[in-house]
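Asker: model the following, please.
(chains A and B)
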2 protein chains.
Amino acid sequence: MRPSVTELEVHDIRFPTSEQLDGSDAMNPDPDYSAAYVVLRTDAEEGTASEGTAFGGTACEGYGFVFTIGRGNDVTAAAIRSLRPHVVGRPVPLTAADLAALHRELTHDSQLRWLGPEKGVMHMAAGAVVNAAWDLAARYAAKPLWRFLAEMSPEELVELVDFRYLSDALSRDEALAILRAAEPGRAERAARLRERGYPAYTTSPGWLGYSDEKMVKLAQEAVADGFGQIKLKVGADLDEDLRRLRLAREAVGPDVRIAVDANQRWDVAEAVRWMSALAPYDPHWIEEPTSPDDVLAHAAIRAGQPVRVATGEHVANRVVFKQLLQAGAVDFVQIDAARVAGVNENLAILLLAAKYGRPVCPHAGGVGLCELVQHLAMFDFVAVSGSWDDRVIEYVDHLHEHFADPVVIEAGRYRAPTAPGFSARMYPESIAAYRYPDGPEWRTRLARQPAQGPSAPEPSAHEPSAPEPSVRQEDHQ
Amino acid sequence: MRPSVTELEVHDIRFPTSEQLDGSDAMNPDPDYSAAYVVLRTDAEEGTASEGTAFGGTACEGYGFVFTIGRGNDVTAAAIRSLRPHVVGRPVPLTAADLAALHRELTHDSQLRWLGPEKGVMHMAAGAVVNAAWDLAARYAAKPLWRFLAEMSPEELVELVDFRYLSDALSRDEALAILRAAEPGRAERAARLRERGYPAYTTSPGWLGYSDEKMVKLAQEAVADGFGQIKLKVGADLDEDLRRLRLAREAVGPDVRIAVDANQRWDVAEAVRWMSALAPYDPHWIEEPTSPDDVLAHAAIRAGQPVRVATGEHVANRVVFKQLLQAGAVDFVQIDAARVAGVNENLAILLLAAKYGRPVCPHAGGVGLCELVQHLAMFDFVAVSGSWDDRVIEYVDHLHEHFADPVVIEAGRYRAPTAPGFSARMYPESIAAYRYPDGPEWRTRLARQPAQGPSAPEPSAHEPSAPEPSVRQEDHQ
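Answerer: The predicted structure is shown next:
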C-alpha cells in the first residue's frame, strides 16, 4: 500500500541573535533569526526507499521552514497550519508529477491565494510545505536534493513549473530547450561539482553593528579561509560606509571582490548618489538598493551609476523576477530558498535567469538558508545554466550547529551534499530549546521582561524597557 | 488625562456566500466573503469627543478589518493580533500626527516587515489596525471620515504619507502642491457632494456563476435603478463571454458603460487576443487582465488592444501603484480600502494618481469594502483630485445589512455619509452569528461535514465530499 502523509507539525523556533548584533543591517537592526519549521510525518517505513535503508529504522519524514527575523514567526506558523488539509491524508509525493500537483494545489487554493496573491506570509508558508515535500521525496529516494532534481528529465522538470504569467518572457518550449541543451554535460559537471565544490562568498565580516576592528579581522580571516568575495552592509551613513569600505579594501587587497548590500534602504536618487561615491573602491555589486517590488527603480539605479545591481532575497515571486530580467534591471539574480513557493517556483526563476543570461547568486544566511539553497545552485550548475562562472552562493557562519546535515565549506567553496534530502532537518534538541515562547532559552529571557498577557508574549513597544523603534524616525521620510 | 487604547480584539467572521455563487469569477469560483475584524477599545468616555455626546454613553471604539474570501481568515486574524503590542497602552490617536506615527510604527517594525515587506497578510493586517485607528479618531471627532480627512490642512495630510520609494515619481513638495491647489474649492465640492452623491457602478449582474437570464434581468434593473455603468466578469471561456457581453449590451443599450473584469486570468497574449475579440461590444475597461504584480504586462496589454486598462484591488502597495503609473500601464486606478496599509497608504496612492492625471475608481464589494472606500473617493473629490469626471465607485449589493452605518445608494450614486467614523462597525449580532468556527451559522454547517481534528475545521481537499479544486487543472499551464 502506498504510504501517506499522516501529520503536518509546525514549530515556532527563534534564536536570540539580536543580543550579538549578528545580522544587523541598515533596515534590520535587531533580528532574532527564526524559523516557522514544518515536519511532514508519514507512515512510510524503513526499506521502502528506493535505495535501501536510509532512515535508520525510523519513519520517513520531510522538513521545511520559513525563515523570519523574530516577531511574526507565529503568524507564519499559523499560515503553514492552514495548509494542513491539503497535505494530511495525501499519498506521499514521490515523483515530479506528484510534486507538481502539490505545488499547484497549494498555490492555487483560490481562497488562500486571496491573501497574496502569491506573496508574503501565505506564499512563504506554501513554500515551506512544498520544500518539506521535496525533502521528503528526496529522502525517500535516498538522494541529496540537488541530485534528485538533476536526475529528472527535462520533460519532468518543465512540468514542475507554473508558467502562468511567464509566457511573455519564457514559454514551456523555451524552458524545455534550455534544459535539453544542458543535458549532455550533466554527468561531467556533477563529477566536477563533487570534486571541487561550488564557489561561495561570505557576509560574516560585514554586519553594520560590528566595530571596524572586528570587521577588518573577519575580512582578513575570510580571505585566509579561501573566500574570493566578501560582502559589507551599507546604507546607514555614507561617511561611515566610505570608511568601512576603504578599510575592507585595504584589508583584502584589490583582487578579492567586495559586494555591498543596502537592504532596501534607498530611493533612486539616493542610491545613485551613494553608489557613485562608493564606486572608487570597486564594489562588486550593490545588493537591494531599494524596494524589492520596484522593477523600474532598479533599472534606473542600474543605468545611473557604474556598480552592477543584485536583488532577489525579498522578491515575492517569479512574476517580479521576470520583470527584473525583462527590464534589464539586475545583473545578478539572488534567489532565496524560503521566500517563494518552494523548489518549483525557484526552478521557474532559474529558467528565467538562464533565458536572460544572468547569473544566479543565491541569498543565504539566516536559519538554514545556506543548507537549502546550496542544492538549488548546484542543480542549476548541473542541469540548467550549466555554468558557475560569475556565480557564488552566500555563506554566513551562523546557526549551522542546529542542523543534522550542515553545509560544509572548504577553501571558500560549498562541498556537494551527499546525505539524502534537502539538508532541512533541525536537531530535536534545538527545536526543544528554542521553541518560542515555551522553550527553556526563551522562558528564561521572557521572565526578565515585564509581564504581558498570555496571548502577547512579545515585548510591548510602549513599555519603558522596550527596545528602540527598529527604524529611526528621521529615516522615515 | 488623555485616554488610551485598552484592548485590541480580533474576530474571524465568515459568510457562506459560496452557497449562492455570489462573487464567483474566473479565479475565485467559491468565495466565502469574510472579515478579520478588529475592535480597538479605549477608556475614552462620552463627552470627551470634540463635538459632544456622539457615543450614546458608551466608550469610544474603533473598527477595521481585512477582507478575505474564506480560508486563511484565521491567518489574517493572527497577523492582526501580532500588532497588539504596538497599539494597546498607546494614547488614543486623535490627530494627523498621531495617525502618521501609528502608521509608521506598524509598517516599519523591522521584524514584522520581513514578512512582506509591505505586502500580503502582514501588510493587510497593518492596514486593518490603521483603519480602525482612523475610524476611532473620526468617531472621537464626531465626523464622518471623508470630512475628517477633508478638513485637515495640506501640511497635515502630507505628513501622513510615507514617501519612501516614491521620490522618483512624487516628492513631498509636489504632493503639497497638489493638495494646496485643491484647497480653495473644498467647501464648494463638499456641498455638491452632499447634494448629489458620488457616482457608482454595479457589479451585481455580472458574476460568472449567474445564468444568462439572471444576468440580463439584473443588468436591466441596474439601469432602471439609475446606474450608468455595470460590470461583467469574463475570462473563463471566450465564446461565453462574447455571448454574455452581447446579451448585456442588448439589455442596457449603447449608452450604459459595461466594464469587464478578468480577475487576473490571462497572460499578455491571451489578454490581447481576448479583449480584441470583445472590443466590438465597447467594454469601458478591462479590469485585472493579468497578475497584479506585473507592471510590464499591464503596459503591454494596454498597448496591444483598444480597451482601457484598470487594476488595483490586489496591488500590494504604493510602490507597485507608482510603477503602474510611471509605465503608463493603467487608465483607471482601483484603490481598495483594505489591502494596503490603511488610509495613509491610500492617500499616497490618491496623490500618485493625481500627479499622473489618472482617475481613481475604487474597488468595492466583499464585506464592508463599499462602506470604507466611499470615504476615500469622496475625500479625493473634495481635497485631492477635485474631480469626479470619469470616476465611479464600485457597488455590490451584498452583506450591507451587517453594518451599523451601511452605504446609501440613490439613483446610482453613493450618498455622502453623515455618521461619525469610517462606517466600519458591524452589528454585534452579526459577529456572534457568523464567527468562525463557533458561531451558530457555522456550527450547523460544519456539523454536516466529515469530522476534522479540532485544529483543522477546514474541509479537507482529500475527503470525498470536498469541493472541486478551485482552479481547473487545464488552466494551470
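
Asker: how about residue A:10, phi and psi?
Answerer: phi -130, psi 140 (degrees, to the nearest 10).

Asker: my bad, should have said residue A:61
Answerer: Torsion angles, degrees, to the nearest 10, at residue A:61: phi -130, psi 160.

Asker: quick one, what contacts it?
Answerer: A:39, A:40, A:41, A:42, A:136, A:139, A:425 (C-beta atoms under 8 Å, 6 or more residues apart in numbering or on different chains). To be clear about C-beta, it is placed using only N, CA and C from the backbone, and glycine gets the same treatment.

Asker: let's see it at 10 Å
Answerer: Residues counted as contacts of residue A:61 (C-beta atoms under 10 Å, 6 or more residues apart in numbering or on different chains) are A:5-7, A:9, A:39-42, A:44, A:55, A:132, A:135-136, A:139-140, A:421, A:425.

Asker: same thing with residue A:318?
Answerer: Contacts for residue A:318 (C-beta under 10 Å, 6+ apart) come out as A:118, A:161-166, A:169-170, A:340-341, A:344-349, A:351-352, B:291, B:293.

Asker: just give the nearest non-adjacent residue to it, would you?
Answerer: Spatial nearest neighbour of residue A:318, chain neighbours left out: residue A:348 (4.4 Å); criterion: C-beta to C-beta, 6 or more residues apart in numbering or on different chains.

Asker: do the same with residue A:205
Answerer: Computed as C-beta to C-beta, 6+ apart, the closest residue to residue A:205 that is not its neighbour in sequence is residue A:218, at 3.5 Å.

Asker: just the element for the one you found, please.
Answerer: helix A:212-224 (DSSP states H and E).

Asker: please point out which parts of that helix sit buried.
Answerer: Applying a neighbour-count criterion of 16 or more other C-beta atoms under 10 Å in any protein chain shown, one finds A:215, A:216, A:218, A:219, A:220, A:222, A:223 buried in helix A:212-224.

Asker: likewise for stretch A:268-283?
Answerer: Result for stretch A:268-283 [16+ other C-beta under 10 Å]: buried residues A:268, A:270, A:271, A:272, A:274, A:275, A:278, A:281, A:283.

Asker: which pair in those residues has the greatest spatial separation?
Answerer: Across the buried residues of stretch A:268-283, the longest distance by C-beta to C-beta is 21.6 Å; it joins A:268 and A:281.

Asker: distance from the host helix or strand of the residue nearest to residue A:318 to the middle of the chain?
Answerer: Taking DSSP H and E as the definition, residue A:348 sits inside helix A:342-356. The chain centroid and the centroid of helix A:342-356 are separated by 14 Å, computed with C-alpha atoms, centre = their mean, to the nearest Å.

Asker: now do it, average pLDDT.
Answerer: For helix A:342-356, mean pLDDT rounds to 98.

Asker: show me what it is packed up against.
Answerer: On a contact count with 3 or more C-beta pairs under 10 Å, 6 or more residues apart in numbering or on different chains; DSSP states H and E, helix A:342-356 meets helix A:96-108, helix A:120-140, helix A:145-150, helix A:154-159, helix A:172-182, helix A:318-326, strand A:332-333, helix A:369-379.

Asker: and the third one, how far out from the chain's middle?
Answerer: Meaning helix A:145-150. With C-alpha atoms, centre = their mean, you get 18 Å for helix A:145-150.

Asker: need phi/psi at residue A:62.
Answerer: Per-residue torsions, residue A:62: phi -130, psi 150 (degrees, to the nearest 10).

Asker: how close does it get to residue A:342?
Answerer: Distance of residue A:62 to residue A:342, given as C-beta to C-beta, to the nearest Å: 12 Å.

Asker: now the common contact residues for the two.
Answerer: Residues touching both residue A:62 and residue A:342 (C-beta under 10 Å, 6+ apart) are A:129, A:131, A:132, A:133, A:134, A:422.

Asker: so of the contacts of residue A:61, which ones are in strands?
Answerer: A:5, A:6, A:7, A:9, A:39, A:40, A:41, A:42 (DSSP state E).

Asker: need the contact list for residue A:370.
Answerer: For residue A:370, the contacting residues are A:200, A:337, A:362-364, A:393-400, A:403, A:406-407, A:409, A:414, A:423, by C-beta under 10 Å, 6+ apart.
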